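Asker: 3D model of this:
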Amino acid sequence: DYLLGRQPKDYDVATNALPQDIRRIFGKRKTLAVGESFGVIVVLGPSKEAGMIEVATFRSDGNYLDGRRPESVEFCSAQEDALRRDYTINGMFFDPRNNQVLDYVGGQEDLKAGRIRAIGNPTERMTEDKLRMLRAVRFTARFGFDLDKQTAQAIRSMATEIEVVSRERISQELRLILAHPNRMFGVQLLESLQLLFPILPILENHWIPEVTEVIHQMLLAQQSDSFELSMAILLSIAFKKDDNSEKATLEMCRDLKLSNSEIDRIHWLITHRDALDEAHQLPLHRLKPLLINPHCELLLEWMQIAAEVHKKTFVEIEFCRDYLDRTSVEILDPPPLVTGQDLILAGLKPGPDFANLLKKIRNAQLDELIATCEEGMKLIGLSVKE
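Answerer: Reported below is the predicted structural model:
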């Protein structure tokens, strides 16, 4: 970030001080030994707002047996530490005392060339931690760089091995790729490196040129940083209403360990992607619940993206936004005129018909045909009991 003239989002500190020395310097109350066996100590800031900083002792790694973590570490020099890291742009150190960049891996040259390159043997780096394959995609897309040919070849040759990485780690990288403005390039990289289908297998049978070109254009047109919208756009090509694709899509999202809220948002967007295509013709009892839904803004963005890509007009989008601007929440989502308790007081016994009767009254209320409890009860042939 310093060499690119960017404001860092966080700081990682590396030192020749041993973990026990770090804890002694800052005090045990101000430190967390979360990764002491790997030489990592977390130093707490003076306040919650100040956050925390990881301080790592220079180390070299032993053998990687699980494709993620070394079985052992040895403390070493800064140069040896740099050689164990993933990519050259991540293998540099900045000495704040001397205002000096320590570069043992050619990171500055790669930054100037706009290149993401693995340190040393790229196959060895990917074998040590398979997640590095996805990190290459993220860094290349984030900076708009080129991916080194040998690094790309190594990733392509072992792309299917990404499946040994935990789904939580994969989904976290996927979030970062899809939430970035350069998400289209990220997806193209995933595809060209043969990583896309091992991560999102449901796409494989639907990924044909005429479809993928539209998907690429939509991802390019997306303005928000919504991971869920990007996922909905991608997964929509495999989602059909008349087969088991809905179940398969949900199962894949759960397998990726996405949060329940992410899955709900993705599912709602896909299942309602056409719901407002003829918004001005919808009865109010169908229109209002859609517009009041918390995910509606993302749906309207998707509609706008589709209109731009397919070169269509924005009439329905403008209608929805205008309706939202001039309609209060009290009208969009008013309190129910009649409740189940009202039906019980009127002499009805709770049963399957309750939901249908309440829905009939609610629809009439949203259609602005009735405005009082009495009118609602009259609609279903009952009177209000005091």
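Asker: per-domain residue ranges of this structure.
Answerer: The chain breaks down by automatic domain parsing into domains covering 201-333, 335-379.
Asker: OK, contacts around residue 196?
Answerer: 187, 190, 203, 207 (Cβ atoms under 8 Å, 6 or more residues apart in numbering). C-betas here are computed from N, CA, C, even on glycine.
Asker: kindly state the pLDDT recorded for it?
Answerer: pLDDT recorded at residue 196 is 98.
Asker: now swap in residue 67 and tell me
Answerer: 56.
Asker: so can I have TSV of the domains of the chain showing mean neighbour count, distance to residue 13 and mean pLDDT?
Answerer: What follows is those, written out as TSV (neighbours: other Cβ atoms under 10 Å; distance: least, Cβ to Cβ, whole Å; pLDDT from 0 to 100):
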stretch	mean neighbour count	distance to residue 13	mean pLDDT
domain 201-333	16	29	94
domain 335-379	15	55	93
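Asker: would you format the ones you listed as TSV with distance to residue 86 included?
Answerer: What follows is those, written out as TSV (distance: least, Cβ to Cβ, whole Å):
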stretch	distance to residue 86
domain 201-333	22
domain 335-379	55
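Asker: looking at those, which is closest to residue 42?
Answerer: Nearest of those to residue 42, taken as Cβ to Cβ: domain 201-333 at 24.1 Å.
Asker: how far off centre is the closest one?
Answerer: The chain centroid and the centroid of domain 201-333 are separated by 15 Å under Cα atoms, centre = their mean, to the nearest Å.
Asker: ok, which of the domains of the chain comes nearest residue 177?
Answerer: domain 201-333 (8.7 Å).
Asker: using the three-state scheme, assign residue 101.
Answerer: Per DSSP: H, G, I helix; E, B strand; the rest coil, the secondary structure class of residue 101 is strand.
Asker: is it bridged to anything, and to what?
Answerer: Note on residue 101: beta-bridge partners by DSSP bridges are residue 94.
Asker: quick one, what contacts it?
Answerer: Going by Cβ under 8 Å, 6+ apart, residue 101 touches 2, 3, 92, 93, 94, 95, 108.
Asker: shouldn't the last one be within a helix?
Answerer: Yes: counting by three-state DSSP, residue 108 falls inside a helix.
Asker: count the residues that sit near it.
Answerer: The local packing of residue 108 (other Cβ atoms under 10 Å) involves 14 other residues.
Asker: now do it against residue 257, distance only.
Answerer: Counting by Cβ to Cβ, to the nearest Å, the separation of residue 108 from residue 257 is 37 Å.
Asker: for residue 248, same thing?
Answerer: For residue 248, the distance to residue 257 - Cβ to Cβ - is 17 Å.
Asker: swap in residue 304?
Answerer: Distance, residue 304 to residue 257, by Cβ to Cβ: 31 Å.
Asker: off-centre distance for stretch 162-180?
Answerer: Stretch 162-180 sits 9 Å away from the centroid of its parent chain (Cα atoms, centre = their mean).
Asker: pLDDT of that stretch, averaged?
Answerer: Stretch 162-180 comes out with an average pLDDT of 97.
Asker: same check on stretch 84-104?
Answerer: 93.
Asker: how far off centre is it?
Answerer: 30 Å.
Asker: buried residues in that stretch?
Answerer: For stretch 84-104, the neighbour count (16 or more other Cβ atoms under 10 Å) marks 84-89, 91-94, 102-104 as buried.
Asker: now the end-to-end length of it.
Answerer: The first and last residues of stretch 84-104 sit 11 Å apart, counting by Cα to Cα, to the nearest Å.
Asker: now swap in stretch 360-379 and tell me
Answerer: Terminal residues of stretch 360-379 are spaced 8 Å apart (Cα to Cα).
Asker: ditto for stretch 6-23
Answerer: Separation of the first and last residues of stretch 6-23 by Cα to Cα is 31 Å.
Asker: list the buried residues in that stretch.
Answerer: Here stretch 6-23 shows 14, 15, 17, 19, 22, 23 as buried, counting by 16+ other Cβ under 10 Å.
Asker: distance from the chain centre to it, please.
Answerer: 28 Å.
Asker: now do the contacts for the residue nearest to residue 303 when sequence neighbours are not counted.
Answerer: Counting by Cβ to Cβ, 6 or more residues apart in numbering, the nearest residue to residue 303 once its immediate chain neighbours are dropped is residue 317, at 5.2 Å. Residues in contact with residue 317, defined by Cβ under 8 Å, 6+ apart, are 300, 303, 304, 307.
Asker: specify which member of those is nearest to residue 324.
Answerer: Using Cβ to Cβ, the contacts of residue 317 come closest to residue 324 at residue 300, 8.9 Å.
Asker: and the contacts of the one helix or strand the closest one maps to?
Answerer: Here residue 300 sits within helix 296-309, counting by DSSP states H and E. Contact with helix 296-309 is made by 214, 217-218, 221-224, 226, 228-229, 232-233, 265, 269, 272-273, 275-277, 290, 293, 312-314, 316-317, 320-321, as judged by Cβ under 8 Å, 6+ apart.
Asker: so which helix or strand takes in residue 33?
Answerer: strand 31-35.
Asker: please put the alpha-carbon coordinates of that strand into CSV.
Answerer: C-alpha atoms of strand 31-35 as CSV (Å, rounded to 0.1, in the frame of the first residue of the first chain):
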residue,chain,number,x,y,z
THR,A,31,-1.5,-9.2,24.5
LEU,A,32,-3.2,-12.3,23.3
ALA,A,33,-1.2,-15.5,22.7
VAL,A,34,-3.6,-16.6,19.9
GLY,A,35,-0.8,-18.1,17.7
